[in-house]
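> Prediction below, plus the sequence it came from.
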Amino acid sequence: MLAELNLDSRDVAAYIVKYCAYKNYFINLTKLQKILYCCYGAVLADSDARLTKEHPKAWDHGPVFPRVYNLKTKNPDGFIQGLIEREEHIKDILSSRVMIAINATIDLFSKYTAGALVEWTHRPVSPWYKCTDGGKNLYGEIPDELIREYFLTFINKQDK
């Protein structure tokens, strides 16, 4: 059974945006959604734990955390700044192992454009592709087991 870290996806998104600002990585809503998904997957694979209470959903452009998306719709012009200013304490809550996995994931996936990350999440071997039947059945949850298996394989390839 998976452990539950029970973080709010918006707090993890705020951490990612702050980390990207500190490292001078470009971030926008689409890229943030994909990096948040990758962090979710990396923690599932590395620690057998769900990072957030919210499950990623399979939307048109790949995995999405609707609560984070809704922040953008409420504040379209100040979305990124709002996340930078958001009070969050995930570093104080999570183990150093989980924080290392999150930071390494941000560092790795921040190299790619939002478009490249969307394409990557749409590959036929991806959890998004499998659970949507190639994009035909959208808007459901992406099962944790598919995400965990996919990222476990990816992490194992990186270790070699």
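Sure, I can see it. Please read these numbers as outputs of a predicted model, since none were measured by experiment.
> and after the lengthiest helix in the chain, which helix or strand comes next?
Ranked by number of residues, the top helix in the chain under DSSP state H is helix 29-47. The first helix or strand that comes after helix 29-47 along the chain, using DSSP states H and E, is strand 49-52.
> Which strands and helices lie in contact with the very next helix or strand once past that next one?
Tracing the chain past strand 49-52, the next element assigned as helix or strand by DSSP H and E is strand 57-59. Counting contacts by 3 or more CB pairs under 8 Å, 6 or more residues apart in numbering; DSSP states H and E, strand 57-59 packs against strand 62-64, helix 127-132. No exception for glycine: its C-beta is placed from N, CA and C like everyone else's.
> what's the most buried one of the ones you listed?
Mean neighbour counts were compared across these using mean count of other CB atoms under 10 Å; the top stretch is strand 62-64, at a mean of 25.
> which secondary structure elements does the longest helix of the chain contact?
Using 3+ CB pairs under 8 Å, 6+ apart, helix 29-47 sits against helix 9-23, strand 49-52, strand 62-64, helix 66-74, helix 96-109, helix 114-121, helix 144-159.
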